[in-house]
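1. just coords:
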C-alpha cells in the first residue's frame with residue numbers, strides 16, 4: 001500500500017542521513033539475505049559478495065534523493081562522504097560488496113547530477129592524487 005511505501009521511504013531517509021547511516025543500511029540489506037560476514041566468511045557470504053545485482057540495486061537506492069530531503073544539495077552533502085567511507089571497509093568479503101555498492105552509487109550520481117557528484121564525490125576522492133601531482 002502507498003502508506004507503507006511512504007513510511008518505509010521516510011524511515012530509510014532518516015537512517016541514511018544519520019552519521020554512519022549509509023553503512024548501516026548497506027550492511028542490513030546485504031547481510032540479511034545470504035548469510036553473515038563473520039570472521040570465517042562462509043559460502044553464503046561469498047555468494048553475496050559476487051551478487052552484482054543486489055549491490056547494484058542498493059547503489060541505485062542510495063543515488064536517489066528521498067522525497068523527505070529538503071534539497072538535493074543537502075542530500076549529497078550528507079550522504080556522499082558516507083559513500084566514500086564504504087571504500088575503506090577492512091573485512092575482505094564485506095569490502096567487495098561495499099566497494100561495488102559505492103561504485104554503482106558513484107556512477108549513478110555522476111550520471112544523474114554531474115555537478116553535485118563532482119563536488120561531493122569526485123573532488124574528495126581525487127584530492128590525494130591532486131595534492132601529489134602538485135608537489
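-> Yep, that arrived. Note that the coordinates shown come from a computational prediction; the quantities given were computed from them, not determined experimentally.

2. Off-centre distance for the longest helix along the chain?
-> Once the chain is assigned using DSSP state H, the helix that runs over the most residues is helix 92-112. What separates the centre of helix 92-112 from the centre of its chain is 6 Å, taken as CA atoms, centre = their mean, to the nearest Å.

3. neighbouring contacts of that helix?
-> In this structure, residues lying in contact with helix 92-112 by CB atoms under 8 Å, 6 or more residues apart in numbering are 23, 26-27, 30, 37, 41, 45-46, 48-49, 52, 55-56, 58-60, 62-63, 76, 80, 83-84, 86-87, 89, 116-118, 121-122, 125. Placement of C-beta: from N, CA and C, glycine included.

4. Any of those buried? List them.
-> 23, 26-27, 30, 37, 41, 45, 48-49, 55-56, 58-60, 62-63, 76, 80, 83-84, 86, 89, 116-117, 121, 125 (16 or more other CB atoms under 10 Å).

5. I'd like the next helix or strand past the longest helix of the chain.
-> Later in the chain than helix 92-112, the nearest helix or strand by DSSP states H and E is helix 114-117.

6. and that following helix, what does it pack onto?
-> The helices and strands touching helix 114-117, judged by 3 or more CB pairs under 8 Å, 6 or more residues apart in numbering; DSSP states H and E, are helix 72-85, helix 92-112.
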